[in-house]
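**Q** Okay, sequence plus prediction incoming.
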There are 2 protein chains.
Amino acid sequence: MKQKIKTMEELAAAIGISRPTLSRFFRDADSVRASTRKKIEDGLETVDYVPNFFATRLNRKSTGLIGVIIPDTEDLFFARLLNAIERPALEADYTVLRQNSHGSADLEARAVETFLSMNVDGVIVAPLGRESSADVFARLSTRLPIVLVDSRLPHALPSVDFVGTNNRQSIDTLVNYLCRTGAPPHFFGMPPLNTNSPEREAAYVASMERLGFKPVLVEVPAEPDSWEFEAYAYDVMDEHFGSGRYVDATILCANDRLATGVLRAAGKHGLLPRRSDVKAKLRVAGHDDNPMSRFMTPSLTTVAQNFEAIGRSSFRLLLRRIEGDTSLESSGTEEVFDTILRIRESA
Amino acid sequence: MKQKIKTMEELAAAIGISRPTLSRFFRDADSVRASTRKKIEDGLETVDYVPNFFATRLNRKSTGLIGVIIPDTEDLFFARLLNAIERPALEADYTVLRQNSHGSADLEARAVETFLSMNVDGVIVAPLGRESSADVFARLSTRLPIVLVDSRLPHALPSVDFVGTNNRQSIDTLVNYLCRTGAPPHFFGMPPLNTNSPEREAAYVASMERLGFKPVLVEVPAEPDSWEFEAYAYDVMDEHFGSGRYVDATILCANDRLATGVLRAAGKHGLLPRRSDVKAKLRVAGHDDNPMSRFMTPSLTTVAQNFEAIGRSSFRLLLRRIEGDTSLESSGTEEVFDTILRIRESA
DNA sequence: TCTCAAAGTTTACGCACGTCAAAATTGGGA
DNA sequence: TCCCAATTTTGACGTGCGTAAACTTTGAGA
């Protein structure tokens, strides 16, 4: 069992190198002479030493930490987004800290406090659509670089960057496809938890009108403040289908999780064809290309967001802000990515 | 805009309270006189101060941090488990740090290093099934309290606690139900990424033999070292169904994600009944009750793990170890929870 | 072997806060 | 109004490491 060493001072004594040199070595192994580098590395092999995380960050201009706040870890959309951010961050030697706002503005604010107290170099956040969120992030953005992903804030903060999906393109792609291949779609919106909700609805209305069709929203009783999209959509459509409404309609859902609930309700009411070669009357399309969507029966027609690009891009943008890249506009930058249509069985 | 205050020293000056008293206040607000408590709290209202996270943890016996390591954040099973651990931890004023091993033993080891360097009070880990994992955690357990969750290690560490699901009970429940209502099930195991895989298979064999049936494992070509369970199961069964094998069998899958792939393959080959009142020949059952399972078509018959209990219990156990509860066995404790059968349409 | 720049060592201070001991206040009851 | 225990303040040191300045050693080329 290797000798346990607690401080860098002890380490210096144990391998015969001065502490400042060790400190330099840990910051950048190439900043010391090759021969002493080898001596240190050999020494480290023989002992059990881990630099103290807190002590190293306490007195440093950059902590090498970035914070990410998402609303729900149990939503695969955000789980994938998180991974897409974490990957380039790890490559750039940043440690990413995740906080879950659980859809609550309070927890979101508390997460911000935590990140401030940790002197993170920057924050990437998928915000809630609340007013309070906007205030919190307005304050935050005066103290730290911050980039929004996936959703904007209800009131635009002119100085904050945004990276997300091009909702106009994605919805337009779906509307065009659906109109070309069958009945013009109705739109099933999502609970207005963030700004994607109104954005996609507006995009739907615009696309339909451009094609000369009348936009029709699926009637929803009350929009619950919940992230249980599948159950919500199922309840709504179970009611509709049970009363004979929408049974041969084309339904464009604001995301795949809603579409999942719709498909389930359709199955219950016998509205799904048994074999994929039988044309169904009811058609359902989603948005996001959730990993489960291709495994449903029928598999879900949807559009795939470019997670990789969004994650990478938001991190890079944050990095440039952190490094004070002056070629960036001081007013917020905006990057949106197009989606790819995935035609499957449901529409 | 409130006055920004960076250190406790400044805070002390700003609100007229000595620094040690402030320090005591932040550790426990009730440890100061009510009148000075009020004075401090009023003062805090007027300024913008956040204690430095690193400085507060640097020189403290307990950091109030616990680490959690899971193999995959994009697997809803682990996402839910994580939340179930985080909830009681937050109530007990612990901050939980998550690390994702991405199924890699290297990253798992690195996560351990990180936690050690942060002086976390304890670690909860859902381990990989690798040999190397066992070594890493053996070392870790000599320095920190640690509890394993969901899966054991390939070689039992006698001194480490374990909290998970009672695989014997869950599989036995499913086997009994399936045998009672139709053909005895075949078993579709999962890639041997952790110890649940062999455990569930052994439980299946035992249950079948006890009922006097011959256990039959679904033939799998090569077991890939992958977490893409749905795609894996789909590929395997697409091949089988395409050749006419298992088309009227009952298939018990080691988890819901595999079952999802099986159902998808069944749909492709027209093996699913159109309406739920038509008896299917092919039956599929899963394990875990993934949130999506009830929304599939057909909805999946499965067993629900008791996430809440597993999460709460593993945290409590860790807490007792941290606090040095002497009523605990020094040899490892073991807690397993029973599952609940969810009978739905697929079997 | 000499030379000089490169690299390492010494020494010392700083970071923001925890914590302890001794001295000074405070406040409620007698 | 006096007194004493409870609190707070003062002063000082510790945590593990970053970092700067001055000084010493090293090593490749002349």
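**A** On my side now, so go ahead.
**Q** Quick test: name the residue nearest the centre of chain A.
**A** Nearest to the geometric centre of chain A sits A:Leu81, at 3.7 Å (Cα atoms, centre = their mean).
**Q** Next up, the contacts around that one.
**A** By Cβ atoms under 8 Å, 6 or more residues apart in numbering or on different chains, the residues touching A:Leu81 are A:70, A:126, A:149-150, A:307, A:310-311. Using the backbone N, CA and C atoms, a C-beta is placed for each residue, glycine as well.
**Q** Got a quick PyMOL command for the buried subset of the residues you listed?
**A** Buried subset of those, written as a PyMOL selection, criterion 16 or more other Cβ atoms under 10 Å in any protein chain shown:
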select buried, chain A and resi 70+126+149+150+307+310+311
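**Q** Tell me the residues of the stretch 51-200 of chain A that contact chain B?
**A** A:51-55, A:57-58, A:73-74, A:76, A:79-80, A:82-83, A:86, A:95, A:97-98, A:100, A:113-114, A:116-119 (Cβ under 8 Å from any Cβ of the partner chain).
**Q** Please pick the buried ones from the residues you listed.
**A** A:52-55, A:57-58, A:73-74, A:76, A:79-80, A:82-83, A:86, A:95, A:97-98, A:100, A:114, A:116-119.
**Q** Not counting sequence-adjacent ones, nearest residue to A:Ala55?
**A** B:Leu58 (5.9 Å; Cβ to Cβ, 6 or more residues apart in numbering or on different chains).
**Q** give me every residue that touches the one you found.
**A** With Cβ under 8 Å, 6+ apart, B:Leu58 has these contacts: A:52, A:54-55, A:58.
**Q** Check these one by one and keep those near DNA strand C.
**A** Restricting these to those near DNA strand C by Cβ under 7 Å from any atom of the strand leaves A:Leu58.
**Q** which one of the contacts of B:Leu58 is nearest A:Glu201?
**A** A:Phe54 (47.0 Å; Cβ to Cβ).
**Q** next structured bit after the helix or strand encompassing the closest one?
**A** In this assignment (DSSP states H and E), A:Phe54 forms part of helix A:53-58. Scanning forward in sequence from helix A:53-58 by DSSP H and E, the next helix or strand is strand A:65-70.
**Q** just the angle between the next helix or strand after that next one and strand A:65-70, please?
**A** Downstream of strand A:65-70, the next assigned helix or strand under DSSP H and E is helix A:76-91. Helix A:76-91 runs at 170 degrees relative to strand A:65-70, counting by axes from the mean of the first three to the mean of the last three Cα atoms, to 10 degrees.
**Q** how far does helix A:76-91 sit from the chain's center?
**A** 8 Å (Cα atoms, centre = their mean, to the nearest Å).
**Q** residue contacts, the nearest residue to A:Glu335 once chain neighbours are set aside?
**A** The spatially closest residue to A:Glu335, leaving aside those adjacent along the chain, is A:Val163, at 4.8 Å (Cβ to Cβ, 6+ apart). Listed by Cβ under 8 Å, 6+ apart, the contact partners of A:Val163 are A:147-149, A:310, A:313-314, A:317, A:334-336.
**Q** Give me the buried entries from those residues.
**A** Burial by neighbour count, judged by 16+ other Cβ under 10 Å, picks out A:147-149, A:310, A:313-314, A:317, A:335-336 from those.
**Q** Tell me the one among those nearest to B:Lys39.
**A** A:Leu148 (38.7 Å).
**Q** Just say helix, strand or coil for the closest one.
**A** Secondary structure, DSSP: H, G, I helix; E, B strand; the rest coil: A:Leu148 is strand.
**Q** low pLDDT regions in the stretch 151-300 of chain A?
**A** Counting by pLDDT under 70, the ranges of the stretch 151-300 of chain A that qualify are A:223-226, A:273-280.
**Q** Quick check: residues of it near DNA strand D?
**A** Close to DNA strand D, as judged by Cβ under 7 Å from any atom of the strand, the stretch 151-300 of chain A has no residues.
**Q** ranges for the strands of the stretch 151-300 of chain A?
**A** Here the stretch 151-300 of chain A has its strands, by DSSP state E, counting those that start in this stretch, at A:161-165, A:186-188, A:250-253, A:283-285.
**Q** who wins for proximity to DNA strand C among those?
**A** strand A:161-165 (26.9 Å; Cβ to the nearest atom of the strand).
**Q** ok, back up a step: how about the strands of the stretch 151-300 of chain A in CSV, adding distance to A:Gly261?
**A** Shown next, in CSV, are the strands of the stretch 151-300 of chain A (distance: least, Cβ to Cβ, whole Å):
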stretch, distance to A:Gly261
strand A:161-165, 21
strand A:186-188, 9
strand A:250-253, 9
strand A:283-285, 10
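**Q** can those strands go into TSV with extra columns for distance to DNA strand C?
**A** Compiled in TSV, the strands of the stretch 151-300 of chain A are given as follows (distance: least, Cβ to the nearest atom of the strand, whole Å):
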stretch	distance to DNA strand C
strand A:161-165	27
strand A:186-188	49
strand A:250-253	48
strand A:283-285	52
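**Q** wait, which of those strands is closest to A:Leu22?
**A** Per Cβ to Cβ, nearest to A:Leu22 of the strands of the stretch 151-300 of chain A: strand A:161-165, 38.2 Å.
**Q** Now find how far off-centre that closest one is within its chain.
**A** Its chain's average C-alpha position is 10 Å from that of strand A:161-165, according to Cα atoms, centre = their mean.
**Q** again, but for stretch A:177-197
**A** The answer for stretch A:177-197 is 21 Å, by Cα atoms, centre = their mean.
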